[in-house]
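> Let's see this in three dimensions:
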Amino acid sequence: MELMGMMSSKDVEEFKERVMVWQKNLKTVDQVITIWLKVQRQWQRLEPIFLASDDIRAQLPDDTRRFEQIDAAFKEMMREAREDPGCVTACTFEGREELLNNFFNEIELCEKALFAYLEEKKKIFARFYFVSNQALLDILSNGNNPEKVDDYLGDCFDGMKCLEFVRGDGIPYPSKRAKGMWSKENEYVAFFKEYQAVGAVENYLCNLEAMMQDTLKDVLVNAKRTADMWDMGEKKRHDWLEDYCA
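Numbers count the residues shown, from 1 in each chain. As a prediction, this is how the structure comes out:
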């Protein structure tokens, strides 16, 4: 604003070129800082995904390599900026704006591939739509550890809080076997047979959903059968209610 005021002054002719240079520099600073912050936010979000998640690296090898190249180049650029940290110098450095725009475009390609990958997982297990992408990435990266995935079951299922895993001597950690489930009201329901969380996480969660349905169907069939005996006086209704999960 100060420079615009100077340019409108009748006395600007003596230093007009310097004002124009500063206008150009500050415009560049504004543009570069804007794109720099965008790149930095995206890089911070994607770095632990592409560099630390074995599942993502295995499923998206081309995009992982692309991100690794971006990661190395971005860190090198940051080291250069640190050597001469003046804002104007850092932002007007030759080729820096073009380099940051290239980073942004390449990171967007990685992000689009990642979202497409997540969309495929959601199509297999639709309840993944109930969790954030960050939570879904955490689930997928810990797919071989059902006890960590267990922390997110309450987000995927309206009634379930967690599983009751089979633990004991000779059973390795993390346990991949469960014998029942807990509701959000802390009600325990035993599975009619042991559940095993094996294979891809989206597949074994589909199996868990089927196990829940089959177990509750089994409970309901038994409850209906014993309810028919109310009239015979074998068990009063208020006692019968206590025998089955809500």
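> Against K224, how distant is the most centrally placed residue in the chain?
For the chain, Q134 is the residue whose C-alpha lies nearest the centre (Cα atoms, centre = their mean; 1.6 Å). Between Q134 and K224 the computed distance is 43 Å (Cβ to Cβ, to the nearest Å). In short, each C-beta sits where N, CA and C put it, glycine included.
> Of all the strand elements in the protein, which one is longest?
strand 188-196 (DSSP state E).
> packing partners for the biggest helix by length in the chain?
In the chain, taking DSSP state H as the definition, the longest helix is helix 16-52. Identification of packing neighbours for helix 16-52 by 3 or more Cβ pairs under 8 Å, 6 or more residues apart in numbering; DSSP states H and E yields helix 2-7, helix 54-59, helix 61-83, helix 87-92, helix 96-124, helix 133-141.
> Next, the angle from it to helix 61-83.
Calculated by axes from the mean of the first three to the mean of the last three Cα atoms, to 10 degrees, helix 16-52 forms an angle of 140 degrees with helix 61-83.
> got the buried residues for helix 16-52?
Neighbour-count burial for helix 16-52, with 16 or more other Cβ atoms under 10 Å as criterion, is recorded at 19, 26, 28-29, 32, 35-36, 38-39, 42-43, 46, 49-50.
> residues near the spatially closest residue to F50 that is not a sequence neighbour, how many?
Nearest residue to F50, sequence neighbours excluded (Cβ to Cβ, 6 or more residues apart in numbering): F67, at 4.1 Å. F67: 27 surrounding residues under other Cβ atoms under 10 Å.
> what's the closest of the helices and strands packed on helix 16-52 to L163?
helix 133-141 (14.1 Å; Cβ to Cβ).
> who touches that closest one?
49, 52-56, 115, 118, 121-122, 128, 131, 148-149, 152, 155, 201 (Cβ atoms under 8 Å, 6 or more residues apart in numbering).
> Can you identify the element that follows it toward the C-terminus?
Later in the chain than helix 133-141, the nearest helix or strand by DSSP states H and E is helix 146-149.
> buried sites along that following helix?
In helix 146-149, counting by 16+ other Cβ under 10 Å, buried: P146, E147, V149.
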